[in-house]
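Enquirer: Give me a model of this one.
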Amino acid sequence: MPELKPLSKEAVPAALERAKHYRLLNEPAAAESICRDILRADPDNQEAIITLVLAMSDRVASVYAVGDPKFRECLEKISDEYLRAYYTGIVYERKAKALLKKGPEGSESNAYQMFRQALEWFEKAEAIRPEGNDDAILRWNGCVRVMEANNLKPREAAGDFLE
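Expert: Take a look at the predicted model:
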């Protein structure tokens with residue numbers, strides 16, 4: 001098997017832009033691969049970690065890598081407490097929406113649980129948000145609207161897919 005080639009530190013900014021571009025093109029696997037190369041060259045690059053989390057969560061709705069065990073590991077690397085809470089909420093929100101897309105066979109109760117987790121994380125983010133940043137509130141409201149529109153209600157608790 002060929003070995004991975006290292007990315008130079010000088011190439012990190014351009015590679016990060018490319019990863020974001022691939023996310024916009026709905027090619028999250030390509031974005032994820034680029035972010036992993038960036039993190040090999042610059043392990044603490046916060047923008048790459050966040051882009052990686054978003055790329056991985058983009059894939060949640062697809063047919064592969066649902067429940068990727070790397071979520072928790074990546075989220076823990078986000079050094080800013082607000083951003084960590086906010087992006088953890090986004091991961092749960094995206095998982096909930098993916099479950100709703102799958103259909104009614106038990107996924108609605110799981111979606112409810114995922115939305116509740118998202119709301120808890122958005123609430124944590126709201127409590128420590130920077131002044132003038134209401135992003136967590138906007139995400140909270142969006143989740144509540146989806147829950148209401150789909151008449152989601154609590155049922156038997158599902159396991160936490162991040163664990």
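
Enquirer: can you list the weak-confidence ranges in this structure?
Expert: Flagging of the chain using pLDDT under 70 yields the residue ranges 61-69, 104-106, 156-163.

Enquirer: got the residue ranges for the helices in it?
Expert: 12-24, 28-41, 46-58, 70-76, 81-102, 107-127, 135-149 (DSSP state H).

Enquirer: how close does the residue most central in space within the chain sit to F115?
Expert: In the chain, the C-alpha nearest the mean C-alpha coordinate belongs to V91, at 3.3 Å (CA atoms, centre = their mean). For V91, the distance to F115 (CB to CB, to the nearest Å) stands at 12 Å. For the C-beta atoms, the positions are set from N, CA and C on the backbone; glycine is no exception.

Enquirer: Which one of the helices of the chain lies nearest to L4?
Expert: Ranking the helices of the chain by proximity to L4 (CB to CB) places helix 28-41 first, at 7.5 Å.

Enquirer: Indicate which one of the helices of the chain is closest to E3.
Expert: Checking the helices of the chain against E3 by CB to CB gives helix 28-41 as the closest, at 11.7 Å.

Enquirer: residues in contact with the closest one?
Expert: Here helix 28-41 makes contact (CB atoms under 8 Å, 6 or more residues apart in numbering) with 4, 6-9, 11-12, 15-16, 18-20, 22-23, 45, 48-49, 51-52, 55-56, 58-59, 62.
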